[in-house]
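[1] Quick one, fold the following:
(one chain, ligands or ions: 1)
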Amino acid sequence: MVDADQTFVIVGGGLAGAKAAETLRTEGFTGRVILICDERDHPYERPPLSKGYLLGKEERDSVFVHEPAWYARHDVELHLGQTVDAIDRAARTVRFGDDGTTVHYDKLLLATGAEPRRLDVPGTDLAGVHHLRRLAHSERLKGVLSSLGRDNGHLVIAGAGWIGLEIAAAARQYGAEVTVVHRGQTPLHSVLGPELGQLFADLHHEHGVRFHFGATLTGITGQDGMVLAARTDDGEEHPAHAVLAAIGAAPRVALAEAAGLELADPAAGGGVLVDERLRTSDPDVYAAGDVASFPHGVFGTRLRVEHWANALNGGPAAARSMLGREERYDRVPYFFSDQYDLGMEYSGWAPPGSYDQVVIRGDAGKRQFIAFWVKEGHVLAGMNVNVWDVTGPIQGMIRSRQPVDTEALGDPHVPLESLVARTS
Ligand SMILES: Cc1cc2nc3c(=O)[nH]c(=O)nc-3n(C[C@H](O)[C@H](O)[C@H](O)COP(=O)(O)OP(=O)(O)OC[C@H]3O[C@@H](n4cnc5c(N)ncnc54)[C@H](O)[C@@H]3O)c2cc1C
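    Here you go, the predicted model:
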């Protein structure tokens, strides 16, 4: 067991950082645990910021990872509203806060997450241009959407990824007019490919969202801080009273980079390079959550996963690793989304080009089905849409890496569990 007089420091108080602190305590670590975060709010979960909380269906208190008193009760020293601006790996210290407080670490976890990519076009400094990552952004957006709904206003969203689409759904539920500008020909192309991306385009069309595919935003015009219109590279001008930039997120690697830690290739998603135990190129420094690029045994490639479950499980895995446990982190990537009355879960990893077939099990027309992305009979990923309690067998098939009978896979009368049993 690790010494009781050791100090473990966690940089970043998102889900990964908070869950790592919790795990250190539940695993019996009795040394100092210091959690430093540049946000003023206690660690919270982000999925409700574009769903229930944004829609006013969930209370503010419900988004927090732990109740505020939990940290003191578990002797976790919390420094909120303080940025870590330097790591000295030779001295094993981090520096944080306006007064440059320095603290020693025996083990350090980087859970610095990601930040929204900014639009690099004229007009992005207008007050009516928004992005969404933090609780305060969601609260501001909630006010914007409800006034757009009230005044029949227009929201232009740049990007048809998960956040862009979830905000489109929320905005329509508030009654705002919505146009989504997207570079590709279908939403979510880089995750779902064209086949299933179309399903989301149809869903949003039915709810009155306008799409402008194959275009990028080139400028936002306005007056006195107010947005008036958004221009695209094909010369079109879309009326807009507010613009949301939802063009992806970038891992927050500046601190790691300045400390000389090895980074992953930006072309492969970037992030802080870690091994299967979430250790960086420095054996006393670990990384988890959105910022970490780890080698995935099942897919045979490095992945950087920007999803809730990866923070939920990766933070604890890093904590156990810091305690010296020999554990490989190889969870099958998993995420979920809710848009209107469509709820879905996706497990696996199957970007366009990696699969040769999409097998549908169930009724895609009624939006109640499971889609499987398959390569030479091997299931790479599965998405259940308005079908529940199937994540176990889907992940079992992915993990087994055994070929499956694709006819049986597409047949709802063949129990999914029986296919896993046959393949593992
Ligand atoms: C609006 C929204 C909706 C989402 N919905 C879903 C969903 O439906 N399903 C799903 O699977 N995933 C969803 N996600 C993704 C999921 O929330 C993220 O994967 C998860 O938050 C990652 O957690 P993390 O702890 O790694 O990073 P973060 O949550 O980004 O936390 C990192 C924290 O570290 C802080 N920090 C960074 N650098 C420093 C520094 N130098 N000093 C001090 N503090 C620092 C940051 O400010 C931040 O508070 C959503 C994300 C957003 C933004």
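[2] What residues sit buried inside the helix ranked longest in the chain?
    Longest among the helix segments of the chain by residue count, using DSSP state H, is helix 189-206. For helix 189-206, burial by neighbour count (16 or more other C-beta atoms under 10 Å) applies to 189, 191-193, 195-201, 203-204. In this view, the C-beta of every residue, glycine as well, is placed from N, C-alpha and C.
[3] Need those in CSV (columns: distance to the ligand and pLDDT).
    Below are the buried residues of helix 189-206 laid out as CSV (distance: C-beta to the nearest ligand atom, whole Å; pLDDT from 0 to 100):
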residue, distance to the ligand, pLDDT
189, 18, 91
191, 11, 92
192, 14, 93
193, 19, 92
195, 21, 86
196, 17, 92
197, 17, 93
198, 21, 93
199, 17, 94
200, 14, 96
201, 19, 96
203, 16, 97
204, 16, 98
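[4] Dump those to JSON lines, plus distance to residue 315.
    Formatted as JSON lines, these follow (distance: C-beta to C-beta, whole Å):
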{"residue": "189", "distance to residue 315": "30"}
{"residue": "191", "distance to residue 315": "23"}
{"residue": "192", "distance to residue 315": "27"}
{"residue": "193", "distance to residue 315": "30"}
{"residue": "195", "distance to residue 315": "34"}
{"residue": "196", "distance to residue 315": "30"}
{"residue": "197", "distance to residue 315": "31"}
{"residue": "198", "distance to residue 315": "35"}
{"residue": "199", "distance to residue 315": "32"}
{"residue": "200", "distance to residue 315": "30"}
{"residue": "201", "distance to residue 315": "35"}
{"residue": "203", "distance to residue 315": "33"}
{"residue": "204", "distance to residue 315": "33"}
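[5] Show me which pair in these is furthest apart.
    Comparing all pairs in those by C-beta to C-beta, the longest separation belongs to 193 and 204, at 17.6 Å.
[6] surely residue 135 meets residue 44?
    Yes - with contact defined as C-beta atoms under 8 Å, residue 135 reaches residue 44; the gap is 6.0 Å.
[7] who's more crowded, the two?
    Ranked by neighbour count (other C-beta atoms under 10 Å), residue 135 and residue 44 place residue 44 first, with 22 against 18.
[8] residues in contact with the more buried one?
    Residues near residue 44 by C-beta atoms under 8 Å, 6 or more residues apart in numbering: 14, 63, 64, 65, 135.
[9] State the phi and psi torsions of whichever residue of the stretch 51-200 of the chain sits closest to the ligand.
    Per C-beta to the nearest ligand atom, residue 113 is where the stretch 51-200 of the chain lies closest to the ligand, at 2.1 Å. Dihedral pair for residue 113: phi 70, psi -150, per degrees, to the nearest 10.
[10] Could you check how many residues crowd around it?
    A total of 23 residues lie near residue 113 under the criterion other C-beta under 10 Å.
[11] How about stretch 241-256 and the ligand, touching?
    Yes - applying C-beta under 6 Å from any ligand atom, one finds stretch 241-256 touching the ligand at 252, 255.
[12] Endpoint to endpoint, that stretch covers what distance?
    39 Å (C-alpha to C-alpha, to the nearest Å).
[13] Who is the residue nearest to residue 406 when sequence neighbours are not counted paired with across the strands?
    The shortest distance from residue 406 to any non-neighbouring residue, by C-beta to C-beta, 6 or more residues apart in numbering, is to residue 359 (5.3 Å). When assigned by DSSP bridges, residue 359 has beta-bridge partners residue 372.
[14] Residue 359: what's it in contact with?
    Here residue 359 is in contact with 371, 372, 374, 406, 409, 410 (C-beta under 8 Å, 6+ apart).
[15] Thought residue 358 was touching the fourth one, still the case?
    No - Residue 406 is beyond contact range of residue 358, at 10.3 Å (criterion: C-beta under 8 Å).
[16] rewinding a little: name the helices or strands packed onto the longest helix of the chain?
    Packed against helix 189-206 by the contact rule (3 or more C-beta pairs under 8 Å, 6 or more residues apart in numbering; DSSP states H and E) you find helix 162-174, strand 210-213, strand 334-339, strand 357-363, strand 368-375, strand 378-385.
[17] ok, back up a step: got a list of what the residue of the stretch 51-200 of the chain closest to the ligand touches?
    Residues near residue 113 by C-beta under 8 Å, 6+ apart: 12, 14, 16, 251, 252, 289, 290, 291, 311.
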